[in-house]
Every structure is written in C-alpha cells, then in structure tokens.
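Visitor: Sequence plus the predicted model coming up.
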Amino acid sequence: SPPEQGFPAEKSSSVPQKKYHVLVGVTGSVAALKLPLLIAELLQITGLEVKVVTTERAKHFYNAQEIPVTLYSDEDEWQLWKGRSDPVLHIELRRWADLMVVAPLDANTLAKLANGICDNLLTCVIRAWDLSKPLLFCPAMNTAMWEHPITAQQVEQLKGFGYTEIPCVVKKLVCGDEGRGAMAEVWTIVESVKRILEERDLSTQS
Ligand SMILES: CC(C)(CO)[C@@H](O)C(=O)NCCC(=O)N/C=C\S
C-alpha cells in the first residue's frame, strides 16, 4: 500500500498568548515585606509579565535578591536618560503596563498621588497614568494614620480618578497596635488582579 500520505502538517499556529503586563508599585509601609510573596503569586497567573517600581523607602522592607523580576528605582530613570534622544523611564513604563497594582500604598505616597505630586519614579509613572488602564491600590499604614480624617479624603480622591481600592484589613499590626491599617492579604490582591484581567480579556474577545 502506498506510504501513508499524511496531509502537510498544519503550520502549528500557536495562538500567541497575549502577555499581560502588570506593573507592581511598592512603597514604604512595613507591609512591603510581602513583596516577594506577591510577586511569586502573580507569576503563577499564566500570561502575566511582571515588573516592579519601588520607592527608596520601600527598599528597607524587602530583600531585592528575593524579587525574580526587573526592579526599577529612581536611579534607573537617571541611568537611562542622559541626553535628549534617550527614553524616559516613567513614560516607557506607563506605555508597557496594562495594569498597575500599588501594594502597599503607604500614607506618604497616598498623599502624593491624591495631590499629583511626582517626585520619584513611582509617582511619575502614576502621574502619567493612562486612566483607561486599571490601577489598583492597597493602602497600608498604622491604625492611627488610617483613622486620621485626611486618609479617607485622599482615598476618595484616588477613587475619583478611577483607581480601585483594595481595602486594608483589621490586624494586630507589627507595632503592637490592633486595628485597621494592615494591607489586604496577598491572595485578595492576586484575586483582584485576576478578576480585572478576566473582565478585560472577555471585553477584548467580545
Ligand atoms: C506587616 C503586616 C503585613 C504583617 O501582617 C501587617 O502588619 C501590615 O500590613 N502592616 C501595615 C501597616 C503598617 O504599615 N504599620 C505601620 C506601623 S504599625
């Protein structure tokens, strides 16, 4: 019998898995110690590419060696831009990102964002943010700070820009105080990112 005449194999058009670009912002709350866990959990989501933008103060709370993705800080802006034709890092990052999650958002950076202050790489990325893209923020601060009336005003201001709050939770805080101010659990944050990306993915499919 003639040799098996197989049809020419279809060119394996592996559907390009759209990579979702997630930019994680981290600021100087003690909750930044959870950054390695948050990154590890986000990397479990298929199709995600993750980069991190840190403030200088946040560096105090985690070990950069435990972050397996690109970690940008203020100095990188100045390493990249030396002359007129060089790229501007905070603009490159706003273009690259499909979604941003700021975890933790400390009281200082909350105040900066609510007032448009952009004095570091992270606040510059957010100051230039494309409001058609999701931005999630996870406040974390001592209970006394959380309960100060200015906090609610500033959280409302961010929600007014269209950013999504992932609310802080009640816990015994590392300083011994008991009360609201702890960052949302990492699994809550990851689930929120998943849900938003699914909503977006569905919308792009429909
Ligand atoms: C650090 C962690 C995650 C341990 O469970 C929790 O205490 C927390 O989110 N704290 C953030 C609040 C904070 O910045 N407190 C600062 C002074 S009390």
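Guide: Yep, that arrived. Numbering: from 1, shown residues only.
Visitor: which non-adjacent residue is nearest Lys172?
Guide: Computed as CB to CB, 6 or more residues apart in numbering, the closest residue to Lys172 that is not its neighbour in sequence is Glu178, at 5.0 Å. Using the backbone N, CA and C atoms, a C-beta is placed for each residue, glycine as well.
Visitor: next one: Ile117
Guide: Leaving aside its sequence neighbours, Ile117 sits nearest to Thr123 (CB to CB, 6+ apart; 6.1 Å).
Visitor: quick one on the thing from earlier: if I follow the layout properly, the residue nearest to Lys172 ends up in contact with Ala144?
Guide: No - the criterion here is CB atoms under 8 Å, and Glu178 misses it with Ala144 at 11.7 Å.
Visitor: how about the lowest-mean-pLDDT helix or strand in the chain, does it get close to the ligand?
Guide: Here the helix or strand of the chain ranked lowest by mean pLDDT, DSSP states H and E is helix 186-205, holding a mean of 86. No - Helix 186-205 lies out of reach of the ligand by CB under 6 Å from any ligand atom, never closer than 9.0 Å.
Visitor: Would you mind pulling up the elements that that helix packs against?
Guide: helix 35-42, strand 99-105, strand 135-139 (3 or more CB pairs under 8 Å, 6 or more residues apart in numbering; DSSP states H and E).
Visitor: Output those in CSV; the columns should cover mean pLDDT, distance to the ligand and mean neighbour count.
Guide: Listed next are the helices and strands packed on helix 186-205 as CSV, based on pLDDT from 0 to 100; distance: least, CB to the nearest ligand atom, whole Å; neighbours: other CB atoms under 10 Å:
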stretch, mean pLDDT, distance to the ligand, mean neighbour count
helix 35-42, 98, 10, 20
strand 99-105, 98, 6, 26
strand 135-139, 98, 9, 25
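Visitor: where in this protein is pLDDT low?
Guide: Within the chain, the segments meeting pLDDT under 70 span 1-17, 202-206.
Visitor: residues from it in reach of the ligand?
Guide: Within the chain, the positions adjacent to the ligand are 29-31, 33-34, 140-142, 171, 173-175, 177, 181-183 by CB under 6 Å from any ligand atom.
Visitor: which two in those residues are spaced the farthest apart?
Guide: Lys34 and Asp177 (18.3 Å; CB to CB).
Visitor: Which one of the two is surrounded by more residues?
Guide: A side-by-side neighbour count of Lys34 and Asp177, using other CB atoms under 10 Å, places Lys34 first with 23 against 14.
Visitor: Which of the helices or strands spans the residue nearest to Ile117?
Guide: Using DSSP states H and E, Thr123 falls within helix 121-127.
Visitor: Which neighbouring elements make contact with that helix?
Guide: By 3+ CB pairs under 8 Å, 6+ apart, helix 121-127 packs against strand 20-26, strand 48-54, helix 74-80, helix 89-96, strand 99-105, helix 107-114.
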